[in-house]
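A.B. asks: Here you go, sequence then predicted model.
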Amino acid sequence: MAAFLIARGEYSYFMASTGWYDRNFKWQPEYDVDYGKPLSDATYDKDSGAFSRSYTKCVVTLNCADPHACQGKIVMKES
């Protein structure tokens with residue numbers, strides 16, 4: 001979800017599947033969360049290897065310094 005929010009475009013939507021006939025698909029609670037609207041494009045920090053992007057309702061980070069173990073984090077803002 002963090003990778004999607006980092007790269008999300010204006011009319012993008014999230015969909016997950018392992019194939020056309022995915023019998024094991026389960027709806028996840030994070031699909032229903034209102035993350036808000038992006039406040040800017042994503043930024044990249046060369047020192048940490050992390051991307052970040054602020055939304056009206058959260059801040060998203062994605063660290064792929066190790067491409068085999070990307071770490072995503074979504075921190076909701078207090079309302």
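C.D. replies: Arrived safely, thanks for sending.

A.B. asks: Is the residue nearest to Thr43 when sequence neighbours are not counted in a helix, a strand, or coil?
C.D. replies: Nearest residue to Thr43, sequence neighbours excluded (C-beta to C-beta, 6 or more residues apart in numbering): Ser52, at 5.6 Å. C-beta here means a position set from N, CA and C on the backbone, and glycine is covered the same way. Using DSSP: H, G, I helix; E, B strand; the rest coil, the structure places Ser52 in strand.

A.B. asks: from memory Ser52 sits against Val60, does it?
C.D. replies: Yes. Taking contacts as C-beta atoms under 8 Å, Ser52 lies within contact range of Val60: 6.7 Å.

A.B. asks: Mind listing the shared neighbours of these two?
C.D. replies: When contacts are counted by C-beta atoms under 8 Å, 6 or more residues apart in numbering, Ser52 and Val60 have Ile6 as shared neighbours.

A.B. asks: before we move on, back to that, the residue nearest to Thr43 pairs with what?
C.D. replies: Under the criterion DSSP bridges, Ser52 forms beta bridges with Thr43, Thr61.

A.B. asks: what about it, how many neighbours?
C.D. replies: Residue neighbour count, defined by other C-beta atoms under 10 Å, stands at 18 for Ser52.
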